[in-house]
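J.: Sequence plus the predicted model coming up.
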Amino acid sequence: MSLTVQHVLHAAEALRGVAVRTPMLTSAALNEELGREVWVKAESQQLTGSFKLRGAYNALAALSPADRKRGVICASSGNHALALAVAARRFDVPAVVVVPEDLPAVKRRAILSHGARIVPYARLTGRRDALVHQLAHQHGLTIIPSANDERVIAGAGTVAWEMLQEVCGLATLLASVGGGGLAAGTALAASGHDPALRVFGVEPAAADDTHRSLRVGRRISIPPPFTVADGLGHSEPARIPFEINQRLLAGVLTVSEPAISEAMAYLFRHFGLVVEPSGAVAFAGLIQALDDLPDGPAGVIVSGGNVDWNTYKALLDIAMARMEASHHAAAVLH
């Protein structure tokens, strides 16, 4: 099917009473510091701790009873796997999730607590997608991709649709890019609300497969990336989201690893949000491209908060120290 904003609206109906309508937050102190009105959509407070529940549930809601009885499977760096586990439990559907063997412990525990079966693979050397297709074929499971699925994209688009219903006059939306489903859903929602509204994707510079692909006009692969934003470490954009993003995005920004941890610090300092690195990437893009974005209020999707405490504390300590040193140097110069 050809996705439109109507599919996003249908997903919103399917998710009514299931997904949390997460808060839109703003900070007078941050707005003054940045010289711009900024609104943050705290999907870190969604059930499962990320926006992924929206797409996973919408996809399962569309399955036939026979498909649900056989079960579902996905590959994921963690958040989509957890979302599928939770959605599958609500529908009483068996779920298998193929995840990296170095999956953060907080995500592993959460997935297991919802009854899904975990199948690990080696992040850098494992043939993840081949393993998923092999298991799906052996056991008659339906594959629910993390991004390359129309219903998953439509579900993800409900994040932006809620933002646009709650705050009038947003000029820019920023969404993180991994497989590309969130950015594609955001762009679809924005195009149906106001075609003049500009949507930017943001991805780590260390995992810039979508940025590079858009520059050459086709999907390209990069070597397996390493980034602190583990949920965005893709080697190639997913096909369906890429086609939408190629058509509707204003562009894709890339951000450094230090910028990601500094964005986590900003979000904690101004909003009290505990955000995983992947969830802070869009905010890092806002900070970096502040002077180049269209004038007017900006909306930023904070996409997830599932982070191991020790990792979070270490990244925040480093970022805080770096930011304080930078502020001190600026004060001395003045």
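T.: Alright, I've got the coordinates. Predicted model, so just to flag it, every value in this text is computed and none were measured.

J.: Show me the helices in the stretch 51-200 of the chain, by range?
T.: Assigned by DSSP state H, counting those that start in this stretch, the helices in the stretch 51-200 of the chain fall at 52-61, 65-70, 79-91, 105-113, 128-139, 150-166, 181-193.

J.: Now the element after the helix or strand containing L286, going C-ward?
T.: Using DSSP states H and E, L286 sits in helix 277-288. Of the helices and strands lying after helix 277-288 in sequence (DSSP H and E), the nearest is strand 298-302.

J.: That next one: partners in the sheet, and parallel or antiparallel?
T.: Based on DSSP bridges, the pairing partners of strand 298-302 within the sheet are strand 38-42 (parallel), strand 172-176 (parallel).

J.: among those, which is the most enclosed?
T.: Counting by mean count of other C-beta atoms under 10 Å, strand 172-176 has the highest mean neighbour count of the strands paired with strand 298-302, with a mean of 28. Placement of C-beta: from N, CA and C, glycine included.

J.: and the helices of the stretch 51-200 of the chain, which one's lowest on average pLDDT?
T.: Mean pLDDT per stretch puts helix 105-113 lowest among the helices of the stretch 51-200 of the chain, at a mean of 87.

J.: how many neighbours does A289 have?
T.: 18 (other C-beta atoms under 10 Å).

J.: and the nearest residue to it once chain neighbours are set aside, what are its phi and psi?
T.: The shortest distance from A289 to any residue that is not its chain neighbour, by C-beta to C-beta, 6 or more residues apart in numbering, is 5.3 Å, and that residue is L253. Summarising the backbone geometry of L253 under the convention degrees, to the nearest 10, its torsions are phi -90, psi 150.

J.: how far off helix 105-113 does the lengthiest helix in the chain point, in degrees?
T.: Using DSSP state H to define each element, the chain has its longest helix at helix 309-333. Angular relation of helix 309-333 and helix 105-113 on a 0 to 180 degree scale: 150 degrees, by axes from the mean of the first three to the mean of the last three C-alpha atoms, to 10 degrees.

J.: for helix 309-333, packing partners?
T.: helix 257-271 (3 or more C-beta pairs under 8 Å, 6 or more residues apart in numbering; DSSP states H and E).

J.: buried residues in the helix it packs on?
T.: Judged by neighbour count (16 or more other C-beta atoms under 10 Å), helix 257-271 contains these buried residues: 257, 259-268, 270-271.

J.: How about stretch 133-141?
T.: The neighbour-count check on stretch 133-141 (16+ other C-beta under 10 Å) flags L135, A136, L141 as buried.

J.: Go through the residues you listed and say which is closest to L15.
T.: Distances from those to L15 were compared by C-beta to C-beta; the smallest belongs to L141, at 23.3 Å.

J.: ok so, going back, contacts for the longest helix of the chain next, please.
T.: For helix 309-333, the surrounding residues in contact (C-beta atoms under 8 Å, 6 or more residues apart in numbering) are P104, V106, V228, P258, S261, E262, M264, A265, F268, V274, E276, P277.

J.: which ones are touching the residue nearest to Q45 when sequence neighbours are not counted?
T.: Take Q45 and drop its neighbours on the chain: the residue closest to it by C-beta to C-beta, 6+ apart is T22, 5.1 Å away. When contacts are counted by C-beta under 8 Å, 6+ apart, T22 is found next to K41, A42, E43, Q45, Q46, V159, E162.

J.: and with 7 Å instead?
T.: T22 makes contacts with K41, A42, E43, Q45, Q46, as judged by C-beta atoms under 7 Å, 6 or more residues apart in numbering.

J.: same thing with F200?
T.: Under the criterion of C-beta under 7 Å, 6+ apart, the neighbours of F200 are T172, L174, L249, A250, G251, V252, L253, G285.

J.: Let's have the residues you listed in JSON lines, adding distance to G115 and pLDDT.
T.: Rendered in JSON lines, the data for these read as follows (distance: C-beta to C-beta, whole Å; pLDDT from 0 to 100):
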{"residue": "T172", "distance to G115": "40", "pLDDT": "97"}
{"residue": "L174", "distance to G115": "35", "pLDDT": "98"}
{"residue": "L249", "distance to G115": "37", "pLDDT": "97"}
{"residue": "A250", "distance to G115": "41", "pLDDT": "97"}
{"residue": "G251", "distance to G115": "41", "pLDDT": "96"}
{"residue": "V252", "distance to G115": "37", "pLDDT": "98"}
{"residue": "L253", "distance to G115": "38", "pLDDT": "98"}
{"residue": "G285", "distance to G115": "36", "pLDDT": "98"}
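
J.: Which single one of those is nearest to V302?
T.: Taking C-beta to C-beta as the measure, V302 lies nearest L174 of the contacts of F200, at 10.1 Å.

J.: any idea how far A61 is from the closest one?
T.: For L174, the distance to A61 equals 28 Å [C-beta to C-beta, to the nearest Å].

J.: what bits of the stretch 201-334 of the chain have low per-residue confidence?
T.: Residue ranges of the stretch 201-334 of the chain with pLDDT under 70: 327-334.
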